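*Asks:* Whatever this is, show me its structure:
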Amino acid sequence: MKTIQELEEKLATPSEALIKDMAALDGDIMLLGVGGKMGPSLARLAMNAIKAAGVDKKVIGASRFSSGGLKEELEADGVETIKVDLLDDNQLQQLPDVKNIIYMAGNKFGTTGNEHFTWAMNAYLPGRVAEKFRNSRIVVFSTGNVYPLTPVKQGGATESMAPDPVGEYGQSCLGRERIFEHFSRKYDIPMFIYRLNYAIDMRYGVLHELAKAIKEGQPIDLTMGHANCIWQGDANEIALRALHVCSTPPAVYNVTGPETISMRWAAQVMGERMGIEPKFVGEEADTALLSNTSKAMKTFGYPSVSLQQMLEWTADWVMQGGESWNKPTHFQERGGKF
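*Replies:* Sure thing, here's the model as predicted:
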């Protein structure tokens with residue numbers, strides 16, 4: 001994995017299971033908030049799966065498109081685009097009615113000091129979207145941050161654990177879930193709550209941050225000593241296949257890789273491949289932000305890209321000076337301040 005083209009092609013290659021699911025899906029697909037980290041590759045993956053399935057279906061990406069060039073890139077890949085400020089209700093109501101909605105809009109980083117906007121995006125807007133798309137099925141992107149930190153020896157929070165988010169970002173995301181659930185029950189809207197922990201590709205994510213610190217000789221704080229992560233392509237697949245699993249009340253699934261990853265071990269594996277000894281500070285706490293994904297693994301199968309493969313790809317990418325999005329995950333944060 002040496003070029004952005006190779007990376008994008010890998011992210012956008014559908015599995016046979018996804019192709020089969022797209023063939024069986026009725027209606028077009030609209031991604032609300034397509035301009036984020038995962039949205040563009042998810043839209044391309046959907047287009048490629050639809051083409052491979054030989055069906056006639058639109059993929060529509062809606063976003064503010066504040067970063068230059070993305071709108072045109074998506075259109076070149078066959079994705080229809082709509083420039084929209086979702087918080088402007090007049091603009092929201094003018095969006096076309098589409099059978100399948102993937103809701104990716106939200107705010108995380110910069111929450112501290114701008115809490116009002118995060119709550120508007122994460123807890124107010126979902127109600128407006130649910131009212132607008134009451135005749136659709138909706139996959140709702142959420143986060144493992146709705147859970148408290150759990151003991152590492154426990155194996156991660158399961159979906160049956162009561163949410164208890166730390167900090168206003170996690171609280172607002174629980175607000176998003178509750179508001180969508182209310183309208184799912186009110187209007188009988190089939191939904192899927194998608195609680196994601198740390199999707200990665202080579203340009204960002206937990207493993208990228210570790211590799212970058214190793215290369216730059218920066219010490220790695222081990223206090224948040226364990227994490228989960230999943231290849232972004234696999235996370236995208238689950239989001240699309242989840243359209244077949246929507247229910248009323250909403251289905252709730254944790255989405256991440258199956259391993260509880262030791263940050264010390266992951267850094268040592270990448271450091272050995274990079275030929276650099278990692279530097280560490282602190283000691284691993286007994287608790288971490290972890291999710292148990294046995295439910296998702298049973299429904300969707302195990303990820304196609306293994307943890308070892310992600311470690312090797314990321315180490316090589318960073319060592320060769322591959323592109324970085326410089327968007328830290330702040331996975332070390334234990335107080336919920338983002």
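
*Asks:* which strands and helices sit next to the lowest-mean-pLDDT helix or strand in the chain?
*Replies:* Least confident helix or strand of the chain, by mean pLDDT, DSSP states H and E, is helix 4-11 with a mean of 87. For helix 4-11, the contact count by 3 or more CB pairs under 8 Å, 6 or more residues apart in numbering; DSSP states H and E identifies helix 39-53, helix 232-241 as packing neighbours. Quick note: C-beta positions are derived from backbone N, CA and C, even for glycine.

*Asks:* out of these, nearest to Tyr204?
*Replies:* helix 232-241 (9.1 Å; CB to CB).

*Asks:* Quick check: buried residues in the closest one?
*Replies:* Gln232, Gly233, Asp234, Ala235, Asn236, Glu237, Ile238, Ala239, Leu240, Arg241 (16 or more other CB atoms under 10 Å).

*Asks:* what's the closest of the residues you listed to Pro14?
*Replies:* Pro14 lies nearest to Glu237 out of these, by CB to CB, at 7.3 Å.

*Asks:* Now for that closest one: which residues touch it?
*Replies:* By CB atoms under 8 Å, 6 or more residues apart in numbering, the contact set of Glu237 is Pro14, Ser15, Ala17, Leu18, Leu45, Phe300, Ser304.

*Asks:* Please convert the buried members of those residues into PyMOL selection syntax.
*Replies:* Applying 16+ other CB under 10 Å to the contacts of Glu237 leaves a buried subset, and the PyMOL line that selects it is:
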select buried, resi 14+15+18+45+300
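
*Asks:* could you redo the contacts of Glu237 as JSON lines and give each row distance to His208, secondary structure and pLDDT?
*Replies:* Formatted as JSON lines, these follow (distance: CB to CB, whole Å; DSSP: H, G, I helix; E, B strand; the rest coil; pLDDT from 0 to 100):
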{"residue": "Pro14", "distance to His208": "24", "secondary structure": "coil", "pLDDT": "95"}
{"residue": "Ser15", "distance to His208": "24", "secondary structure": "coil", "pLDDT": "96"}
{"residue": "Ala17", "distance to His208": "27", "secondary structure": "helix", "pLDDT": "97"}
{"residue": "Leu18", "distance to His208": "25", "secondary structure": "helix", "pLDDT": "97"}
{"residue": "Leu45", "distance to His208": "20", "secondary structure": "helix", "pLDDT": "97"}
{"residue": "Phe300", "distance to His208": "24", "secondary structure": "helix", "pLDDT": "97"}
{"residue": "Ser304", "distance to His208": "19", "secondary structure": "coil", "pLDDT": "95"}
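
*Asks:* Just name the closest of the contacts of Glu237 to Val281, please.
*Replies:* Distance to Val281, by CB to CB, is smallest for Ser304 among these, at 34.8 Å.

*Asks:* ok, the closest one to Lys58 distance?
*Replies:* 26 Å (CB to CB, to the nearest Å).

*Asks:* And the lengthiest helix in the chain, what's buried?
*Replies:* Looking across the chain with DSSP state H, the single longest helix is helix 167-187. Neighbour-count burial for helix 167-187 flags 167-177, 179-181, 183-184 (criterion: 16+ other CB under 10 Å).

*Asks:* Kindly report the same for stretch 292-302.
*Replies:* Quick answer for stretch 292-302 (16+ other CB under 10 Å): Asn292, Thr293, Lys295, Ala296, Phe300.

*Asks:* Any chance of JSON lines for the helices and strands packed on helix 4-11, columns distance to Pro190?
*Replies:* Below are the helices and strands packed on helix 4-11 laid out as JSON lines (distance: least, CB to CB, whole Å):
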{"stretch": "helix 39-53", "distance to Pro190": "18"}
{"stretch": "helix 232-241", "distance to Pro190": "14"}
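
*Asks:* how many neighbours does Asn135 have?
*Replies:* 11 (other CB atoms under 10 Å).

*Asks:* For it, grab phi and psi.
*Replies:* The phi/psi pair for Asn135 (degrees, to the nearest 10) reads phi -100, psi 10.

*Asks:* what do you get for the one 4 residues further on?
*Replies:* Backbone dihedrals for Val139, given as degrees, to the nearest 10, come out at phi -90, psi 120.

*Asks:* Could you pull up the residues touching it?
*Replies:* Going by CB under 8 Å, 6+ apart, the list of residues near Val139 reads Ile101, Ile102, Tyr103, Met191, Phe192, Tyr194, Ala239, Ala242, Leu243, Cys246.
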